[in-house]
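Q: just need the structure, nothing else, for what follows:
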Amino acid sequence: PDTVEAPAELSTDTNQSSTSNGSIMPAIRKKERDYEGMFEFKKEDTTTIIRHIVIDLKPKVAVTLLPGLPAYILFMCIRHTDCINDDDKVRSLLTGYLNAVKRVVKKREDFDSSVLWLSNTLRLLHNMKQYSGDKPFQIENTPRQNAQCLRNFDLSEYRVVLSNVALWIFNNIMTLLKERIQALTVPALLEHEAIAGLNSNKRGGLARSCSMGEEPESTQQKLDKLLDELSAIHKALQYHGVDPEIIGQLFKHLFYFMCASALNNLLLRNELCHWTKGMQIRYNLSHLEQWARDQSLPTAAEPLQPIIQAAQLLQARKTDDDVNSVCEMCNKLTANQIIKILNLYTPADEYETRVPVSFIKKVQAQLEERKESNEQ
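A: You can find the predicted model right below:
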């Protein structure tokens, strides 16, 4: 049978490249690759790597990068050392990281640097758990992630060291935060008078704090300053990619500190122990609770209960019929704190009397019964 030749076709390939003399050359197309997620490096470069990703990295630069980027880079280096089964190399890398982080946190002694390395140390710890090959950490892994687990190294002892370093940085951050808010706590929670028309510094009940019903200049913005400081702290933690659970723990500790500072101060100042001030304090605390809700930190405000109950105690009726209700209301306060507040209570005006001694004795007896029943 006769054969039929197909006509030759001329086509223009847009992927072709031209040489310097104008002739057309075929383009080279690269096939898609599955990257292994490893960084190959020489052992003698370990110090340089640590210097670039830890020592020289400033927080202002870090917030412009992917959160946890140093930790991801370091783990990719760890995966390569595991692939070639070089335990000296991985030991040098992890020891270098831990020493550098501790040195940077100690030397800089600032909040942002501590947050940066808390975030990265925890990210590295999470990666080492996720890809350890241990069954409990593989539950939420994809098949590909499980296939990329470490094959030669058991780094569980290094995970313990990383966890301890993270806890040390966490405590360092708490110390820095306490210093930042210590001077703001008492003015914002105890001295700030936001309710127009109430002036607890004057005897005579409900008095105008100034001609326009506004706060005196010296008491303005105290609460706003504290809330602004808390917002700045929260934003910095988010910028550096700190886990929400860790953020919640930090603020829970911080609110506990604020509560303790305010309550201890209240127990030393009888001029703050009257019903008008109780209203002001409770109002201020409600703003702190609302701030925590707005930041999706619902449990952070739980440690405020003792100072909240102290403010409620100042506002509560104090007759013999109220003994049971007062004791039930103040379940987060110790017996000594309750009795101290009742003894410090100062009438807001001439129409109010001091707390009857009989009431204080009945409350004390009721609290002792509660203590005995709890011990049984």
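Q: in space, what's closest to Q309 - neighbours in sequence excluded?
A: What sits nearest to Q309 in space, not counting adjacent residues and going by CB to CB, 6 or more residues apart in numbering, is C330, at 4.8 Å. Just so you know, the C-beta spots here come from the backbone N, C-alpha and C atoms, and that holds for glycine as well.
Q: distance of that neighbour relative to I308?
A: According to CB to CB, to the nearest Å, C330 stands 10 Å off from I308.
Q: element containing L118, please.
A: Element membership of L118, judged by DSSP states H and E, is helix 111-130.
Q: which other helices and strands contact that helix?
A: helix 59-62, helix 69-83, helix 87-108, helix 156-186, helix 222-239 (3 or more CB pairs under 8 Å, 6 or more residues apart in numbering; DSSP states H and E).
Q: how far off centre is that helix?
A: Averaging C-alpha positions (CA atoms, centre = their mean, to the nearest Å) puts helix 111-130 13 Å from its chain's average.
Q: for the residue lying closest to C83 once chain neighbours are set aside, which three-state class applies?
A: Once its chain neighbours are removed from consideration, C83 has its nearest residue in M38; the separation is 6.2 Å (CB to CB, 6+ apart). When states are read from DSSP: H, G, I helix; E, B strand; the rest coil, the local structure at M38 comes out as coil.
Q: can you give me the pLDDT of M38?
A: In this model, M38 is scored at 80, pLDDT.
Q: what is the neighbour count of it?
A: M38 is surrounded by 17 other residues when neighbours are defined as other CB atoms under 10 Å.
Q: go on, the one 4 residues further on?
A: Using other CB under 10 Å, the number of residues around K42 comes to 9.
Q: any regions of the stretch 101-250 of the chain where pLDDT drops low?
A: Scanning the stretch 101-250 of the chain with the threshold set as pLDDT under 70 gives 133, 137, 146, 195-220.
Q: was I right to think the residue nearest to Q309 contacts K340?
A: No. Using CB atoms under 8 Å as the test, C330 is too far from K340 to be in contact (11.7 Å).
Q: which one's more surrounded, these two?
A: For C330 and K340, the more surrounded residue by other CB under 10 Å is C330, and the numbers stand at 22 against 17.
Q: contacts only, for the more buried one.
A: The neighbourhood of C330, defined by CB atoms under 8 Å, 6 or more residues apart in numbering, consists of 309-310, 312-313, 338.
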